[in-house]
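*Asks:* build me a structure from this.
(one chain, ligands or ions: 1)
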Amino acid sequence: EHSGKYSGQPMKSMVSPPYGTGDAPLANGERATEPGPPFPLRLPPKAPLFSSPAAEEQPKNVDPLVLELVNTKIVERGPPVQWTDIAGQVSVKATIEEELVWPILRPGAYTGAGRPPRTILLFGPRGTGKTLLSRCISTQLGSTLLKLSGTALLSTWKAEAEKILQTVFFVASCRQPAVVLITEAEALLLARAGEDVSGLKSQLLSYLDDVSTSSEQNVVVIGTTSRPGSMDEASHRRFAKRFYISPPDSIARRQILHHALAQQSCCLSEREMSSLVQHTESFSGSELVQLCQRAGATALHGLQGQLQPTSYQDLEKAFCKVRPAASQKELDLFLEWDKLYGTRH
Ligand code: ADP
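*Replies:* Have a look, this model is predicted:
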């Protein structure tokens, strides 16, 4: 049952699951097995390993401190995210569910051509839910989620960064199924990579190839970026699927606003809500949430001993402070990039 926040939108997949009915224990995002214990200090004897030369060295080379860092800071243990927690993106969600999630959960039932995709690039302005969607994919797969930021990795001492990346993929392969989420992935895949990037870049590209081709791997890599144009074609084409995660449309904006305002006991009239939806075009999901939070803070400020719900006037005031970061020109560039390189869905 899809009982999340934004369950009003029928998904293709809810109507016609191609791989049987909703009997899969993982269909509601619950884990098939309990999440493993924190990464074992003693490695499992038959841990599946990568075939690349770099990877063959991994078991010997795993630095216990880096392993601990990966286990405590990079392995995520956040709350589960359901499809219905993500407003909008109906077609992208359905495509990912049908082409990636189900084939991994039920390999025998997959009838598509070739191997199901294991690498996805989610591109779009900041705050549009790319990370949220990645967490959702991980929840649906019942997988271990390892999240690292491309820019953070790049600002780390080079040898250390390479060790971290290596250990991340090693832990992922030991704790399959696993999702490796690389936010701001473009930082590692720059078109004209400088010396600092190039080692990490070729390392990451070889891991992308490994997860795509190795039949023993149940590792998915998701890259997210708000600057897809800064990557070279060879790099972004390494991702089997590339989806544009756009700012929410009017239906999704209404859902996000409704949900955020309901938490502040704010009840707008239909007219006020329509006006709000109309005036928030090109706001990202995250900016919509910020707008409501700021309005809530204004309401609280004028409290004077009385409990007041957020009003439309508070929201109007918040409008002066919270503006969409992405300009129309930038949004047009995303659309152009999508036309050239995006995966149709
Ligand atoms: P990105 O990774 O694209 O920068 P995030 O996934 O980190 O964006 O989104 C930040 C927050 O904004 C989310 O945690 C959520 O609260 C809100 N948000 C963004 N997009 C959506 C959406 N489509 N549906 C619901 N909430 C959203």
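
*Asks:* dump the residue contacts of the closest residue to the ligand within the stretch 101-250 of the chain.
*Replies:* The nearest approach of the stretch 101-250 of the chain to the ligand comes at Gly129, 2.9 Å away (CB to the nearest ligand atom). For glycine as for every other residue, the C-beta is placed from the backbone atoms N, C-alpha and C. Shown in contact with Gly129 (CB atoms under 8 Å, 6 or more residues apart in numbering): 86-89, 245, 284-286.

*Asks:* which of those fall in helices?
*Replies:* Taking DSSP state H as the definition of helices, these contribute 285-286.

*Asks:* let me have the contacts of Gly129 in a markdown table, extended by pLDDT and distance to the ligand.
*Replies:* Listed next are those as a markdown table, based on pLDDT from 0 to 100; distance: CB to the nearest ligand atom, whole Å:
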| residue | pLDDT | distance to the ligand |
| --- | --- | --- |
| Ile86 | 97 | 5 |
| Ala87 | 97 | 4 |
| Gly88 | 96 | 5 |
| Gln89 | 96 | 6 |
| Ile245 | 98 | 6 |
| Ser284 | 98 | 6 |
| Gly285 | 98 | 2 |
| Ser286 | 97 | 3 |
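
*Asks:* which of the contacts of Gly129 ranks first by neighbour count?
*Replies:* The residue in those with the most neighbours, by other CB atoms under 10 Å, is Gln89 (30 neighbours).

*Asks:* these two touch, right, that one and Cys136?
*Replies:* No. Shown here, Gln89 and Cys136 do not form a contact pair, counting by CB atoms under 8 Å, at 10.0 Å.

*Asks:* the residue nearest to Gln89 when sequence neighbours are not counted and Thr298, how far apart?
*Replies:* Sequence neighbours aside, Ile245 is the residue nearest to Gln89 in space, at 6.4 Å (criterion: CB to CB, 6 or more residues apart in numbering). Distance of Ile245 to Thr298, computed by CB to CB, to the nearest Å: 30 Å.

*Asks:* then Pro228?
*Replies:* From Pro228 to Thr298 the distance is 36 Å (CB to CB).

*Asks:* between the two, which is the more surrounded one?
*Replies:* Using other CB under 10 Å as the criterion, Pro228 and Thr298 rank with Pro228 on top: 25 against 18.

*Asks:* ok, that one - contacts?
*Replies:* Applying CB under 8 Å, 6+ apart, one finds that Pro228 lies in contact with 121, 123, 186, 236, 242, 334, 337, 341.

*Asks:* which ones among those residues map onto helices?
*Replies:* 236, 334, 337, 341.

*Asks:* let me know the pLDDT of Gly108.
*Replies:* Looking at Gly108, its pLDDT is 76.

*Asks:* returning to what we had before: so who does the residue nearest to Gln89 touch?
*Replies:* By CB under 8 Å, 6+ apart, Ile245 lies in contact with 89, 92, 122-124, 128-130, 133.

*Asks:* return the members of those residues classed as buried.
*Replies:* 89, 92, 122-124, 128-130, 133 (16 or more other CB atoms under 10 Å).

*Asks:* any chance of the residues you listed in JSON lines, with distance to Val101 too?
*Replies:* Formatted as JSON lines, the buried ones among the contacts of Ile245 follow (distance: CB to CB, whole Å):
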{"residue": "Gln89", "distance to Val101": "14"}
{"residue": "Val92", "distance to Val101": "12"}
{"residue": "Leu122", "distance to Val101": "15"}
{"residue": "Phe123", "distance to Val101": "20"}
{"residue": "Gly124", "distance to Val101": "20"}
{"residue": "Thr128", "distance to Val101": "20"}
{"residue": "Gly129", "distance to Val101": "17"}
{"residue": "Lys130", "distance to Val101": "17"}
{"residue": "Leu133", "distance to Val101": "12"}
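
*Asks:* narrow those residues to those in strands?
*Replies:* In strands, judged by DSSP state E, the following of those are found: 122-123.

*Asks:* ok, the buried ones among the contacts of Ile245 vs Ile256, which is closest?
*Replies:* Relative to Ile256, the closest of those is Gly129; by CB to CB it sits at 9.3 Å.

*Asks:* and the nearest residue to Asp249 once chain neighbours are set aside, what does it touch?
*Replies:* Closest residue to Asp249 apart from its sequence neighbours, by CB to CB, 6+ apart: Gly88 at 5.8 Å. For Gly88, the contacting residues are 6, 9, 129, 248-249, 251-252, 255, by CB under 8 Å, 6+ apart.
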